[in-house]
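Peer 1: pasting the structure only:
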């Protein structure tokens, strides 16, 4: 992606928190990995570096996905939806783990007879992922 | 899905607008179709009826997906993410059109050399979808 042009940032109607929702989908498997948020700076850096950068609402700072875990998301494609309030990223999930719980993806709870049931395995103990 | 139990609704930490983000993914193709929002009533009805019901933020009312277009989303699975602020629905998209623009899905604009480019075709003229 050519990152010299940044006019595309102006076409995103940033919400009242100056954010846009960003879905990350595994480019190889098609699985939806995460839903996170980007501000203007995060999207610009994502496009420029080709690696997903989000805005952490809890930590109130840029969150370079994988900065601690090494589980970087290499971005293959960025799409915008019809009303421009959501992005869809096709990513290569380094390490095969997107979730801070050590699972492949964050959507590991399935509604089953009125209860949320964990249905995906923990692939790596989070204490081994996050050394701090 | 057994809709008699509604305790699962209490486990969703509805945001400041009493909403949660809901991603709809085509169960057959794996394509991400839409990102919309649900309130408690929308999620309860989605699960009970097995068809996607959202909260329309612009119209400020329940939005039974397909109520005008017939493009209903039959829900095969509902998942919740790790911090419970997003849902992922596996759906059967009736009519093969999820977007109000007459396209297969809402994510039809791809970032290409710093510009958003429409890359998916209009499958049906919206004026033929929405008669009102």
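Peer 2: Right, received. Where do you want to start? Note that the coordinates shown come from a computational prediction; the quantities given were computed from them, not determined experimentally.
Peer 1: show residues contacting stretch A:17-28.
Peer 2: If you take Cβ atoms under 8 Å, 6 or more residues apart in numbering or on different chains as the criterion, stretch A:17-28 is touched by A:12, A:14, A:31-40, A:43, A:52, A:54-55, A:57, A:73, A:76-77, A:84-93, A:98, A:105, B:21, B:23, B:32, B:35. Any C-beta I mention is one placed from the backbone N, CA and C, and that applies to glycine too.
Peer 1: what pLDDT, on average, does stretch A:6-23 get?
Peer 2: The pLDDT scores in stretch A:6-23 average 94.
Peer 1: can you tell me which of the contacts of stretch A:17-28 end up in strands?
Peer 2: Among the contacts of stretch A:17-28, DSSP state E puts A:32-38, A:54-55, A:73, A:76-77, A:86-93, B:21, B:23, B:32, B:35 in strands.
Peer 1: now, of those, which are buried?
Peer 2: Burial by neighbour count, 16 or more other Cβ atoms under 10 Å in any protein chain shown: within the ones in strands among the contacts of stretch A:17-28 this picks out A:32-38, A:54-55, A:73, A:77, A:86-91, A:93, B:21, B:23, B:32, B:35.
Peer 1: what's the burial count for the nearest residue to residue A:130 once chain neighbours are set aside?
Peer 2: Spatial nearest neighbour of residue A:130, chain neighbours left out: residue A:68 (5.6 Å); criterion: Cβ to Cβ, 6 or more residues apart in numbering or on different chains. Using other Cβ atoms under 10 Å in any protein chain shown, residue A:68 has 13 neighbouring residues.
Peer 1: residue A:68 - that's part of a strand, no?
Peer 2: No. Counting by DSSP: H, G, I helix; E, B strand; the rest coil, residue A:68 is not part of a strand but coil.
Peer 1: list the buried residues of stretch A:5-18.
Peer 2: Neighbour-count burial for stretch A:5-18 [16+ other Cβ under 10 Å]: A:8, A:12, A:14.
Peer 1: pLDDT score assigned to the nearest residue to residue A:100 once chain neighbours are set aside?
Peer 2: Spatial nearest neighbour of residue A:100, excluding adjacent residues (Cβ to Cβ, 6+ apart): residue A:126 at 6.4 Å. Residue A:126 carries a pLDDT value of 93.
Peer 1: now residue A:126, what are its backbone angles?
Peer 2: Dihedral angles of residue A:126 (phi, psi; degrees, to the nearest 10) stand at phi -50, psi -30.
Peer 1: surely it is in contact with residue A:99?
Peer 2: No. At 9.0 Å, residue A:126 does not count as touching residue A:99 under the criterion of Cβ atoms under 8 Å.
Peer 1: quick one: which of those two has more around it?
Peer 2: Between residue A:126 and residue A:99, counted using other Cβ under 10 Å, residue A:99 has the larger neighbour count: 23 against 14.
Peer 1: give the contact list for that one.
Peer 2: Counting by Cβ under 8 Å, 6+ apart, residue A:99 touches A:33, A:34, A:105, A:106, A:108, B:82.
Peer 1: in chain A, where is pLDDT below threshold?
Peer 2: Low-confidence segments of chain A, defined by pLDDT under 70: A:1-4, A:132.
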